[in-house]
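Asker: below are the sequence and a predicted model for it; my questions follow.
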Amino acid sequence: QVQLVESGGGLVQAGDSLRLSCAASGRTFSIYAMGWFRQVPGQEREFVATINSSGRSTIYADSVKGRFTISRDNAKNTVSLQMNSLKPEDTAVYYCAATRIMTVLKARYDYWGQGTQVTVSS
C-alpha cells in the first residue's frame, strides 16, 4: 500500500514556474515507477510525465516536453514536477500516481494522490 500526497499547486501567471511535490508513505517507494497526470473538469485525465523506479528514465507528454522536468528522491520518498514557462492551457488538477512498471497509461497506475490545483492566468 502506498499513500500519496501532492503539494505545491497554486495560481501563477503565464511564463512563471511552479514546482509540485508528491510525498509517498511506505518503505517500498523505490520499487514503484511514478507518474504525473492532470485533469481539467469535463475532460479525461491525461498523462504528463513518468519516471522509472531508479530515476534514470523519464517520458514526457509532447505538450510539456522541454518545459517540465520530473525527478525523484528515493531517500526522501518524494517525486517532483518542475514546471517552467507555464501556459494557461496547463491549468488543471495535477495528480501523482504509482505503478510497478513505468507506463504512460493511467489505467496501469495502482495508487493516486488527491490532486493539487494549478491555475495559470494569461
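Answerer: Everything's here; your move. Worth saying up front: this structure is predicted, and the values here are computed from it rather than measured.

Asker: what about I70, which helix or strand?
Answerer: Per DSSP states H and E: I70 is located in strand 68-73.

Asker: strand partners of that strand, parallel vs antiparallel please.
Answerer: Strand 68-73 has the following sheet partners, assigned by DSSP bridges: strand 78-83 (antiparallel).

Asker: the partner strand: which residues count as buried?
Answerer: Neighbour-count burial for strand 78-83 flags 78-81, 83 (criterion: 16 or more other CB atoms under 10 Å). For every residue, glycine as well, the C-beta is placed using N, CA and C.

Asker: how far out from the middle of the chain is the helix or strand following that strand?
Answerer: Downstream of strand 78-83, the next assigned helix or strand under DSSP H and E is strand 92-99. When distances are taken as CA atoms, centre = their mean, to the nearest Å, strand 92-99 is centred 5 Å away from the chain's centroid.

Asker: and strand 92-99 with strand 68-73, angle?
Answerer: Angle, strand 92-99 to strand 68-73, by axes from the mean of the first three to the mean of the last three CA atoms, to 10 degrees: 40 degrees.

Asker: touching strand 92-99 from outside, list them.
Answerer: The contact list for strand 92-99 (CB atoms under 8 Å, 6 or more residues apart in numbering) reads 2, 4, 6, 9, 20, 22, 24, 29, 32-40, 45, 48, 79, 81, 106, 108-118.
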